[in-house]
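1. Give me a model of this one.
(4 chains)
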Number of protein chains: 2
Amino acid sequence: MVTTRFSAGESIIHEGEPATALFNLVSGSVKLYKLLSDGRRQITGFLVPSDFLGIALNKNYAYTAEAIEDVHLCRFDRLKFGALLPELPNLEHRLLEAACTELAAAQDQMVLLGRRTALERLASFLLQWHRRTTVHHKPGHVVLPMSRSDIADYLGLTIETVSRCLTLLKKAKVVQLVSRSELAIPYPDKLAAMADCDTAA
Amino acid sequence: MVTTRFSAGESIIHEGEPATALFNLVSGSVKLYKLLSDGRRQITGFLVPSDFLGIALNKNYAYTAEAIEDVHLCRFDRLKFGALLPELPNLEHRLLEAACTELAAAQDQMVLLGRRTALERLASFLLQWHRRTTVHHKPGHVVLPMSRSDIADYLGLTIETVSRCLTLLKKAKVVQLVSRSELAIPYPDKLAAMADCDTAA
DNA sequence: CGTACTCTTGATTTCACTCAATTCAGGTGG
DNA sequence: CCACCTGAATTGAGTGAAATCAAGAGTACG
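-> The predicted structure follows:
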């Protein structure tokens, strides 16, 4: 176990490369994505501190991970890690729990991508991000470290559509833009209603 | 561990209910889905024999599972199962592996739902189903036990679009319809090309 | 056979995408 | 400190892929 650093924009792991390490995010935020041959990109998730990165037991990483802001990570070498497992049966259990949580989130995301409208997707995302990061910030206040392009690629939309939907939410007074990357959510319930909240992760 | 039976159309587990059992599919096929409050449905996966069902370690099931055809399952009671775990450390490891495989599949599905066209989605699905079931059938031949509506809800499309894309593939001579639920894939490579194959699960 | 599905095909609409300007914010250098 | 530059975000106009609406054509089943 070693502590590592990456600057904003740097790649931490690459899709297809041999999975040699497992990480735990200490600070900063990370995006995970997969690319199609023609450049289309789908962001499969964002990581916040305490999240695991690279749980795949397979030989190779299934996605690329890139630092959104400067990040600090704990790095577990896979070789040493395998030797640790018998001594820490609890670790394997914790990994299974983490994998199950990720799996549930992935299934929610499939519903979002397959069946929700653009506005519902954005509302859903803002709410989800608010819930995940609210420990670090004041309630009713959200910081979005990722770009509009990242949000678009996470929601299966274009930047223009994300921008338009954000404007709609702003006009409906459901959110207020404090700055480009910060917004206030005075009534999370109203946002939840627009997200068709039943499945919101 | 008990063997159970369900008839086509019957629900095996329900989204939101307490997760009391874990299953392993012995025969038949199963669909997993989540519903939005207004009835929109997203099928998050299909199960074939040897797949696990209900790996969630959470308190409640994350989705509903319904038998497509008559199915046989091995049922592991969660209470007894917990007691078994210390005796079978290998089982937890196998579950983690299964969860990781599912997670990778879920990520591929996110790319499909977020960034692929209708035609690419169908081509991708046919190829994927062909690979998963080819052990039971002759190569170049696919049996689709699920309805068009199920396929549509898996691919984030409508039945009409699925039907139209199937017609396109037929006209392009990439597939041949043997019957409503059986089709021939003479040149899987051509199908892979249409699916933009790089990420095909 | 007729009934009730499921599936296919056609016509039209719509939501999100594409293309094209602006506008805005953050940094740089005069 | 302010003007300029650059990339990101917003806004607008027009297009397009898939959805919706609406018939028909097959299929299974009593």
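2. and residue A:70, what does it touch?
-> Counting by CB atoms under 8 Å, 6 or more residues apart in numbering or on different chains, residue A:70 touches A:5-8, A:28. (C-beta placed from N, C-alpha, C; glycine too.)
3. Doesn't residue A:80 lie inside a strand?
-> No - counting by DSSP: H, G, I helix; E, B strand; the rest coil, residue A:80 falls outside a strand, being helix.
4. Quick check: it vs DNA strand D, distance?
-> Applying CB to the nearest atom of the strand, to the nearest Å, the value for residue A:80 to DNA strand D is 38 Å.
5. what is the rounded mean pLDDT of the helix or strand containing residue A:129?
-> Residue A:129 belongs to helix A:118-133 when assigned by DSSP states H and E. Per-residue pLDDT over helix A:118-133 has a mean of 97.
6. buried stuff in it?
-> A:118-130, A:132-133 (16 or more other CB atoms under 10 Å in any protein chain shown).
7. repeat for stretch A:54-69
-> By neighbour count on 16+ other CB under 10 Å, the buried set for stretch A:54-69 is A:54-57, A:61-68.
8. do stretch A:143-163 as well
-> A:144-146, A:148, A:150-157, A:161-162.
9. contacting residues around the spatially most central residue of chain A?
-> When CA atoms, centre = their mean is applied to chain A, the residue found nearest the centroid is residue A:46 (1.4 Å). Applying CB under 8 Å, 6+ apart, we find residue A:46 in contact with A:29-32, A:68, A:129, A:146, A:154.
10. out of the residues you listed, which are inside strands?
-> A:30-32 (DSSP state E).
11. Looking at the residues you listed, which is nearest DNA strand C?
-> If you rank the ones in strands among the contacts of residue A:46 by distance to DNA strand C using CB to the nearest atom of the strand, residue A:31 comes first, at 18.2 Å.
12. following the worst-scoring helix or strand of chain A on mean pLDDT, which helix or strand comes up?
-> Every helix and strand of chain A was ranked by mean pLDDT, DSSP states H and E. The lowest is helix A:78-84, at a mean of 73. On the C-terminal side of helix A:78-84, the closest following helix or strand by DSSP H and E is helix A:89-115.
13. now for that next one, which elements pack on it?
-> Applying 3 or more CB pairs under 8 Å, 6 or more residues apart in numbering or on different chains; DSSP states H and E, we find helix A:89-115 packed against strand A:41-47, helix A:118-133, strand B:30-35, strand B:41-47, helix B:89-115.
14. If you drop the residues flanking it in sequence, what lies closest to residue A:186?
-> Leaving aside its sequence neighbours, residue A:186 sits nearest to residue A:140 (CB to CB, 6 or more residues apart in numbering or on different chains; 6.0 Å).
15. How many neighbouring residues does that neighbour have?
-> Neighbourhood size, residue A:140 [other CB atoms under 10 Å in any protein chain shown]: 14.
16. Identify the residues contacting it.
-> A:184-186, A:188.
17. Filter those down to just the buried residues.
-> A:185, A:188.
18. pLDDT and secondary structure added to the contacts of residue A:140, as CSV?
-> Output for the contacts of residue A:140, formatted as CSV (pLDDT from 0 to 100; DSSP: H, G, I helix; E, B strand; the rest coil):
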residue, pLDDT, secondary structure
A:184, 95, strand
A:185, 95, coil
A:186, 94, coil
A:188, 93, helix
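19. closest to DNA strand D among the contacts of residue A:140?
-> residue A:184 (13.9 Å).
20. The residue nearest to residue A:186 and DNA strand D, how far apart?
-> Counting by CB to the nearest atom of the strand, the gap from residue A:140 to DNA strand D is 19 Å.
21. Bridged to the residue nearest to the centre of chain A, which residues?
-> residue A:31 (DSSP bridges).
22. Report pLDDT for it.
-> What the model reports for residue A:46 is a pLDDT of 98.
23. quick one: the helix or strand that comes right after the helix holding residue A:129 near DNA strand C?
-> Using DSSP H and E, the helix or strand that follows helix A:118-133 towards the C-terminus is strand A:141-143. No - under the criterion of CB under 7 Å from any atom of the strand, DNA strand C is not reached by strand A:141-143; the shortest gap measures 12.7 Å.
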